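1. here are the coordinates; sequence isn't available:
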């Protein structure tokens, strides 16, 4: 006698739907690691050098559910470098009229 497991069938169907969704959104999912470091660097730079907030406040301001591995604040150059999910991005304060801008990756 063949015994059927409806829960196993439902789990298999959910897995199939999840894989189909991931495949159709693969370009967006591939861009996600870059967003973490870039967002953190840009927002921290703006918080610190455009708004003039203290460093401790800005660290809390840019905190996300996905943690970053490092955040370097070069006060002399007004440049911020953030690393997260294996990607590193930098932002620098350009002046009073331009504010902070992401720098191209080298």
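-> Here it is on my side, so go on. Given the structure is predicted, the values throughout are model-derived calculations rather than measurements.

2. quick one: contacts for residue 86?
-> By Cβ atoms under 8 Å, 6 or more residues apart in numbering, residue 86 lies in contact with residue 33. Heads up, the C-betas are built off the backbone N, CA and C, glycines and all.

3. What score does it have for pLDDT?
-> You'll see residue 86 listed with a pLDDT of 89.

4. residue boundaries of the helices in the chain?
-> 6-24, 26-45, 55-61 (DSSP state H).

5. Residue nearest the middle of the protein, spatially speaking?
-> residue 36 (1.1 Å; Cα atoms, centre = their mean).

6. That residue against residue 84, yeah?
-> Yes - between residue 36 and residue 84 there is a contact under Cβ atoms under 8 Å: 3.8 Å.

7. Give me the common contacts of those two.
-> In contact with both residue 36 and residue 84: 66, 68, using Cβ under 8 Å, 6+ apart.

8. ok, now which ones touch residue 91?
-> Residue 91 neighbours (Cβ under 8 Å, 6+ apart): 38, 41-42, 44-46, 79-80, 100-103.

9. Let's see the PyMOL selection covering just the buried ones among those residues.
-> Buried residues within the contacts of residue 91, by 16 or more other Cβ atoms under 10 Å, are selected in PyMOL with:
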select buried, resi 38+41+42+44+45+46+79+80+100+103
